[in-house]
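[1] sequence? don't have it. structure:
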């Protein structure tokens with residue numbers, strides 16, 4: 001699952017926090033309202049939170065600030081090292097990914113930001129089905145990620161990036177597994193979740209699924 005992107009994150013680890021601050025013009029809109037997005041994901045979470053794609057620990061800090069218990073899952077050793085230093089032992093950051101992770105004590109929320117697009121749609125469905133089996137009624141999935149209202153909107157985003165000579169962004173949009181809200185809605189509802197979506201910027205939406 002997404003292991004084809006692991007080398008990218010090993011190389012990106014040292015400059016990730018600079019990237020999300022908006023210094024890269026190509027990705028400025030992708031990370032617009034970054035801190036607000038993290039805060040909103042944290043605000044929608046409760047209880048013991050299982051966080052996927054911890055990265056350098058930015059969302060984790062927002063979750064801790066809300067007083068939540070967090071168990072983190074991160075496949076990149078370089079990212080994990082930075083997160084562990086930043087979080088100073090307040091959170092266990094374990095190796096693993098959305099589909100393969102150590103057994104942990106019961107959790108009430110599954111959260112992630114800027115990471116779910118590393119899974120194909122088939123893998124997304126497999127992951128959500130697994131969380132559905134692990135979460136009790138009322139448990140939540142709260143993911144913030146790039147997604148689109150339709151396949152046409154996705155194609156338009158690529159065309160727009162090319163027209164602006166944002167070649168890295170255009171390549172990113174075509175290389176990774178970005179999906180659409182209708183597909184995610186069907187996956188969530190099939191696995192016993194309600195589904196709501198809120199737009200955060202031109203790229204990122206918050207997807208919230210509550211277990212029925």
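    Yep, it's here. Not measured: the values here are computed from a predicted model.

[2] CA only for contacts and neighbour counts going forward, please
    Noted.

[3] Now the element after the helix or strand bottoming out on mean pLDDT in the chain, going C-ward?
    Lowest mean confidence among the helices and strands of the chain (mean pLDDT, DSSP states H and E): helix 6-12, at a mean of 63. Next in sequence after helix 6-12, counting helices and strands by DSSP states H and E, comes helix 16-20.

[4] ok, now how distant is the spatially most central residue of the chain from residue 162?
    Among the residues of the chain, the one closest to the centroid is residue 113, at 2.8 Å (C-alpha atoms, centre = their mean). Note on residue 113: its distance to residue 162, by C-alpha to C-alpha, to the nearest Å, is 25 Å.

[5] Regarding the residue lying farthest from the centre of the chain, what are the backbone dihedral angles?
    Farthest-out residue of the chain from its mean C-alpha position, per C-alpha atoms, centre = their mean: residue 163, at 27.2 Å. Listed backbone geometry of residue 163 is phi -60, psi -30, with angles given as degrees, to the nearest 10.

[6] The one 4 residues further on too?
    Here is the backbone geometry of residue 167 (degrees, to the nearest 10): phi -70, psi -40.

[7] Isn't it up against residue 161?
    Yes - using C-alpha atoms under 8 Å as the test, residue 167 is close enough to residue 161 to be in contact (6.9 Å).

[8] Please say which of these two ends up with more neighbours.
    For the pair residue 167 and residue 161, the greater number of neighbours falls to residue 161 (17 against 14), based on other C-alpha atoms under 10 Å.

[9] For whatever helix or strand the more buried one lives in, buried residues please.
    With the criterion set as DSSP H and E, the secondary-structure element containing residue 161 is helix 151-163. Buried residues in helix 151-163, counted by 16 or more other C-alpha atoms under 10 Å: 154, 157-158, 161.

[10] What's the local residue count around the residue nearest to the residue nearest to the centre of the chain when sequence neighbours are not counted?
    For residue 113, ignoring the flanking residues on the chain, the nearest one in space by C-alpha to C-alpha, 6 or more residues apart in numbering is residue 144 at 4.6 Å. For residue 144, the tally of surrounding residues (other C-alpha under 10 Å) stands at 24.

[11] other SSEs contacting the host helix or strand of residue 144?
    Secondary structure assigned from DSSP H and E places residue 144 in strand 140-146. Applying 3 or more C-alpha pairs under 8 Å, 6 or more residues apart in numbering; DSSP states H and E, one finds that strand 140-146 contacts helix 34-43, strand 109-113, strand 204-211.

[12] Run the chain-centre distance for the helix or strand immediately after the longest one in the chain.
    In the C-terminal direction, the helix or strand that comes right after helix 34-43 (DSSP H and E) is strand 48-52. Relative to its chain's centre, strand 48-52 lies at 11 Å (C-alpha atoms, centre = their mean, to the nearest Å).

[13] Not counting sequence-adjacent ones, nearest residue to residue 207?
    Of all residues not flanking residue 207 in the chain, residue 197 sits nearest, at 4.7 Å (C-alpha to C-alpha, 6+ apart).
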